[in-house]
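1. Build me a model:
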Amino acid sequence: MRRTWVGLAAGLTLTAGALQAQGRAFAPEDWYRLATVSSPAISPDGQWVAFTVTTVREKENKRHSEVWLVSSQGGEPSRLTSPSQESSNPRWSPDGRLLLFSSNRPPSRARTWALRMDRPGGEAFEVDSLPSGSYSADGTTVVWTDSAEVAKGEPKTTPWDKMEPMARPPHGAITKPLDPARFDGRHLTEMRYKANGRGFLPGPREARQWHPDQLWIRTAGADKRMITNAAYSHGQAELSPDGRWIAFTADPALRPDSVVQAERDSLAQLPYDAKRDEAPRNDSDVFVISATGGAPRRLTTTNGFERSLAWSPDGSKLAYVGSAARTEPSRIWVQPVSGGAPVNVLGDWRYEPGWFQWTPAGMIVMEAAVGGRDAIFEVDPATRKITELVGGRRRINGVSTDRQHRSLAYVATSVDRPTELYLSDARGQGERQLTDLNQALNDEIAWPDAERFTYKSVGGLEIEAWLQKPFGYEPGKKYPLVLYIHGGPHSAYGEGWFDEFHNITGAGMWVLYTNPRGSSGYGADFTFSTRGRWGLEDYEDLMKAVDIAAKRPDVDSTRMGVTGGSYGGFMTAWVTTRTSRFKAAQADRMISNWWSWYGVSDAQGLTEFEFYGKPWENPKLYDQFSPIRFVDRVTTPTLIVQSEEDHRTPMADAEQWYIGLKKRGIPAELVRYPRSTHDLSRTGEPWLLVDRLGRLRQWFGYWLGDRRSTVAGSGSR
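-> Presented below is the predicted three-dimensional model:
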């Protein structure tokens with residue numbers, strides 16, 4: 001078999017026999033055929049599992065979601081909701097007779113609909129706009145939080161008199177349009193006026209309305225009613241098993257939402273204070289109130305932000321997730337409802353909890369990331385013993401258990417398999433795959449696997465990495481390599497199927513991906529070790545992985561590329577200012593100039609925390625870590641991809657990098673995608689998302705190929 005590069009596609013040509021034996025390579029257009037499984041919900045009796053299936057309708061350029069059902073004993077899954085409507089997030093009523101799901105179907109576009117599961121074949125019906133809530137053990141009572149009209153005692157305008165003097169804007173705008181009928185621009189008076197995914201926010205500030213979330217309740221045979229009417233919001237309502245008490249989170253002093261926001265706005269304008277920012281602070285507390293209403297009782301006084309409340313089966317304790325400070329690890333705490341000190345049941349365990357719940361036996365089952373993989377654990381609150389139940393080299397997205405905790409349903413994915421639904425017993429034994437919605441794609445395409453390895457980097461820190469094989473890999477042959485750098489920086493790669501990796505390996509190249517320091521999933525110390533040091537030790541972590549891969553006899557170290565998005569886009573540019581070892585780069589959602597980024601992004605708090613202040617307070621770091629300051633060193637051809645409606649990393653930084661490269665004669669292209677936000681590569685318009693995959697493949701295929709061509713193409717099948 002000989003290796004041949006085909007124009008921009010850079011795909012491998014194999015003998016007919018080899019292709020037939022191992023399947024074909026992934027092409028960008030295959031993305032349209034992918035089915036994504038999510039939101040598993042096992043019925044209370046454990047007999048059925050409902051879940052969401054999301055597919056892509058290529059001709060309509062849209063995603064489509066439906067609710068499906070499968071027996072826990074196996075068999076063919078079936079679609080429950082109409083293909084003409086969008087439906088998702090299934091959940092069962094406690095008695096199992098209703099399957100609730102979210103849908104925006106007309107005419108009323110209610111948030112919650114239901115199907116009668118004890119009467120097969122019935123039509124879906126509205127459930128009084130009831131959102132997902134917390135039920136009593138007998139299923140007769142449900143509570144939830146929802147906004148009401150302006151609550152009693154809450155001012156309709158922002159209480160400027162309660163703000164620090166420096167934070168008070170003038171009462172009303174100073175300038176006004178000469179002719180309101182002709183003015184069609186935007187008049188901004190607030191500091192926060194836009195957000196990624198939402199665009200420009202309503203204004204002006206003085207007209208802002210406040211609608212705090214209240215506690216709502218409904219019992220069988222009765223109408224829903226609002227049992228609180230306060231000026232502060234109630235977070236995550238959880239009903240006790242006996243239906244008598246409601247736990248919720250709120251501001252520790254129960255201050256009005258407007259006062260809390262005014263304080264935040266005021267603090268945001270103050271000079272940066274590391275002691276203030278890093279010190280433990282109490283952002284919320286847990287309260288308990290009677291299900292009939294009345295005055296709430298404050299249960300916790302600990303520092304941090306409490307969330308994910310869960311009553312113990314006997315109702316004597318509450319468990320919740322919290323961390324004392326921003327850089328402290330999240331823990332599961334168990335608090336006696338009658339009072340007393342909360343107990344950290346995870347101790348000094350390195351990892352942090354995700355989803356969790358109590359079992360009828362008084363144990364806690366939880367999901368957590370363990371580096372680049374996910375697992376399901378059991379925690380004994382009494383002994384604090386942690387036991388792994390479900391593991392392996394994979395990512396787990398969503399977990400559900402039945403009423404008696406006899407089964408676990410979960411969605412899992414591995415490097416060489418897209419998402420599917422699985423079921424095991426409560427101990428993680430007897431696992432069965434319940435769906436195979438991607439079987440046709442799996443049968444047709446040869447998904448390369450990845451070699452996992454770890455290595456010691458600066459300071460002896462262990463770093464986890466993966467090297468995913470090129471399609472058609474043959475030992476003894478050399479293949480190009482592309483280094484992928486994740487975003488965040490507190491994100492992570494891992495043991496899951498990823499379209500971008502298969503897009504590049506499908507073109508006959510290695511993909512090297514790592515979780516350098518700063519990544520999540522390895523404990524808080526690891527995650528926050530890059531504060532004030534972006535591009536220093538994390539850069540060394542990346543380059544040490546490249547050094548290891550480059551020494552392999554099957555890697556062509558003369559043909560390597562680098563790519564990444566967001567923080568990965570910044571780091572891609574940064575890498576090209578530090579080394580010329582990469583023959584091509586692709587920067588996605590990039591940041592090239594931290595000064596300009598600070599002024600146009602919707603997330604200034606990121607660098608205020610990471611760089612210890614605002615640009616004028618710590619100009620050294622903002623200068624030192626701006627790739628544009630060193631653009632004169634770059635020799636790497638670079639493709640830049642940016643979205644027109646990205647308010648997280650707006651267009652200005654991409655334009656600066658592009659012009660800087662072009663002025664120096666470095667090959668560069670800038671692709672600007674319309675109607676797209678910071679999330680183009682994840683949730684963007686299908687046509688644009690696939691076009692982007694094709695351009696990445698073309699770019700690296702051209703610069704890393706054996707021979708260069710100007711023939712257009714995306715490496716399609």
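2. so which helix or strand takes in Gln656?
-> Here Gln656 sits within helix 651-663, counting by DSSP states H and E.
3. for that helix, packing partners?
-> The helices and strands touching helix 651-663, judged by 3 or more Cβ pairs under 8 Å, 6 or more residues apart in numbering; DSSP states H and E, are helix 594-600, strand 638-643, strand 668-673. To be clear about C-beta, it is placed using only N, CA and C from the backbone, and glycine gets the same treatment.
4. what's in contact with the first one?
-> Among residues not part of helix 594-600, those counted as contacts by Cβ atoms under 8 Å, 6 or more residues apart in numbering are 591, 604, 607, 611, 614-615, 621-623, 625-626, 649-650, 652-653, 656.
5. Report how many residues lie close to Ala587.
-> Neighbours of Ala587 under the rule other Cβ atoms under 10 Å: 33.
6. So it sits against Leu639, correct?
-> Yes - using Cβ atoms under 8 Å as the test, Ala587 is close enough to Leu639 to be in contact (7.5 Å).
7. what's the average pLDDT for the helix or strand encompassing Leu606?
-> Under DSSP H and E, the secondary-structure element containing Leu606 is helix 604-610. Model confidence over helix 604-610 averages 93 on the pLDDT scale.
8. Quick check on Tyr622: phi, psi?
-> phi -60, psi -30 (degrees, to the nearest 10).
9. got a list of contacts for the helix holding Gln656?
-> Helix 651-663 has contacts (Cβ under 8 Å, 6+ apart) with 573, 587, 590-593, 596-597, 600, 627-628, 631, 634, 638, 640, 642-644, 667-668, 670, 672.
10. Could you give me the PyMOL selection string for whichever of those are buried?
-> A single PyMOL command selects the buried members of the contacts of helix 651-663 (16 or more other Cβ atoms under 10 Å):
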select buried, resi 573+587+590+591+592+593+596+597+627+628+631+634+638+640+642+643+668+670
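11. In three-state terms, label Pro615 for me.
-> Per DSSP: H, G, I helix; E, B strand; the rest coil, the secondary structure class of Pro615 is coil.
12. cool, and the one 5 residues further on?
-> For Lys620, the reduced secondary structure class is helix; criterion used: three-state DSSP.
13. what does the one 10 residues further on give?
-> Under the three-state scheme (three-state DSSP), Phe630 adopts helix.
14. Now do the contacts for it.
-> Listed by Cβ under 8 Å, 6+ apart, the contact partners of Phe630 are Thr577.
15. and if we set it to 10 Å?
-> When the contact criterion is Cβ atoms under 10 Å, 6 or more residues apart in numbering, the partners of Phe630 are 573-574, 576-578, 624, 660.
16. Next: Arg629.
-> With contacts taken as Cβ under 10 Å, 6+ apart, Arg629 has the following neighbours: 577, 592-595, 622-623.
17. Quick one: buried ones out of those residues?
-> 577, 592-594, 622.
18. Low-confidence bits of this protein, can you list those?
-> 1-22, 107-110, 128-131, 149-172, 203-209, 706-717 (pLDDT under 70).
19. ok, and the closest non-adjacent residue to the most centrally placed residue in it?
-> With distances taken as Cα atoms, centre = their mean, the residue of the chain nearest its centroid is Ser491 (8.4 Å). Once its chain neighbours are removed from consideration, Ser491 has its nearest residue in Ser520; the separation is 6.3 Å (Cβ to Cβ, 6 or more residues apart in numbering).
20. Surely the one you found touches Thr530?
-> No - judged on Cβ atoms under 10 Å, Ser520 makes no contact with Thr530 at a distance of 11.8 Å.
21. that older thread, number of residues surrounding the residue nearest to Ser491?
-> Residues near Ser520, counting by other Cβ under 10 Å, number 18.
22. so how far is Gly133 from it?
-> Here the distance between Ser520 and Gly133 works out to 30 Å (Cβ to Cβ, to the nearest Å).
23. and which of the contacts of Arg629 is nearest Tyr539?
-> Distance ranking of those against Tyr539, using Cβ to Cβ, places Thr577 first at 10.2 Å.
24. So the closest one belongs to a strand, correct?
-> No - remark: Thr577 does not belong to a strand; assigned using three-state DSSP, it is helix.
25. what's it in contact with, if anything?
-> The neighbours of Thr577, taking Cβ under 10 Å, 6+ apart as the test, are 535, 592, 626-636.
26. again, 8 Å this time
-> Going by Cβ under 8 Å, 6+ apart, the list of residues near Thr577 reads 627, 630-631, 633-634.
27. Need the max-distance pair from the residues you listed.
-> Using Cβ to Cβ, the pair of these lying farthest apart is Pro627 and Arg633, separated by 9.5 Å.
28. Pull the number of nearby residues for Asp184.
-> Number of residues near Asp184 (other Cβ under 10 Å) recorded here: 7.
29. quick one on the thing from earlier: mind checking which of the helices and strands packed on helix 651-663 is nearest Asn282?
-> Evaluated with Cβ to Cβ, these place helix 594-600 nearest to Asn282, the distance being 28.9 Å.
30. How far does that closest one sit from its chain's centre?
-> In this view, helix 594-600 has its centroid 24 Å away from the chain centroid, taken as Cα atoms, centre = their mean, to the nearest Å.
31. Equivalent analysis for stretch 434-448, please.
-> Distance of stretch 434-448 from the chain centroid (Cα atoms, centre = their mean) equals 25 Å.
32. buried stuff in stretch 638-658?
-> Neighbour-count burial for stretch 638-658, with 16+ other Cβ under 10 Å as criterion, is recorded at 638-643, 645-658.
33. Just the C-alphas of it, formatted as CSV.
-> These are the backbone C-alpha positions of stretch 638-658, laid out as CSV (Å, rounded to 0.1, in the frame of the first residue of the first chain):
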residue,chain,number,x,y,z
THR,A,638,-2.2,30.5,9.7
LEU,A,639,-5.9,30.0,9.0
ILE,A,640,-8.1,32.1,11.3
VAL,A,641,-11.8,31.2,11.9
GLN,A,642,-14.0,33.7,13.7
SER,A,643,-17.8,34.3,14.2
GLU,A,644,-19.5,37.6,13.5
GLU,A,645,-21.7,37.3,16.6
ASP,A,646,-19.1,36.0,19.0
HIS,A,647,-19.2,38.3,22.0
ARG,A,648,-16.8,36.2,24.0
THR,A,649,-13.8,36.5,21.7
PRO,A,650,-15.0,39.2,19.2
MET,A,651,-13.7,39.8,15.7
ALA,A,652,-11.2,42.5,16.6
ASP,A,653,-8.5,40.1,17.8
ALA,A,654,-8.7,37.9,14.7
GLU,A,655,-8.5,41.0,12.5
GLN,A,656,-5.4,42.2,14.2
TRP,A,657,-3.7,38.9,13.9
TYR,A,658,-4.7,38.5,10.3
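34. ok, Arg350 - contacts?
-> Residues touching Arg350, when contacts are defined by Cβ under 8 Å, 6+ apart, comprise 522-523.
35. what kind of secondary structure is it in?
-> At Arg350 the chain is in coil, as set by three-state DSSP.
36. Just want the phi and psi numbers for it.
-> Torsion angles at Arg350 (phi, psi; degrees, to the nearest 10) stand at phi -70, psi -30.
37. Please report the distance of it from Gly428.
-> Counting by Cβ to Cβ, the gap from Arg350 to Gly428 is 21 Å.
38. Mind jotting down where the helices sit in the protein?
-> Counting by DSSP state H, the chain forms helices over residues 16-22, 257-268, 274-278, 439-444, 499-505, 524-527, 537-550, 567-578, 594-600, 604-610, 619-624, 651-663, 680-683, 686-704, given from the N-terminal end onward.
39. Distance to Arg384 for those helices - can I get that in a markdown table?
-> Shown next, in a markdown table, are the helices of the chain (distance: least, Cβ to Cβ, whole Å):
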| stretch | distance to Arg384 |
| --- | --- |
| helix 16-22 | 48 |
| helix 257-268 | 35 |
| helix 274-278 | 27 |
| helix 439-444 | 41 |
| helix 499-505 | 38 |
| helix 524-527 | 19 |
| helix 537-550 | 32 |
| helix 567-578 | 35 |
| helix 594-600 | 43 |
| helix 604-610 | 31 |
| helix 619-624 | 40 |
| helix 651-663 | 47 |
| helix 680-683 | 37 |
| helix 686-704 | 44 |
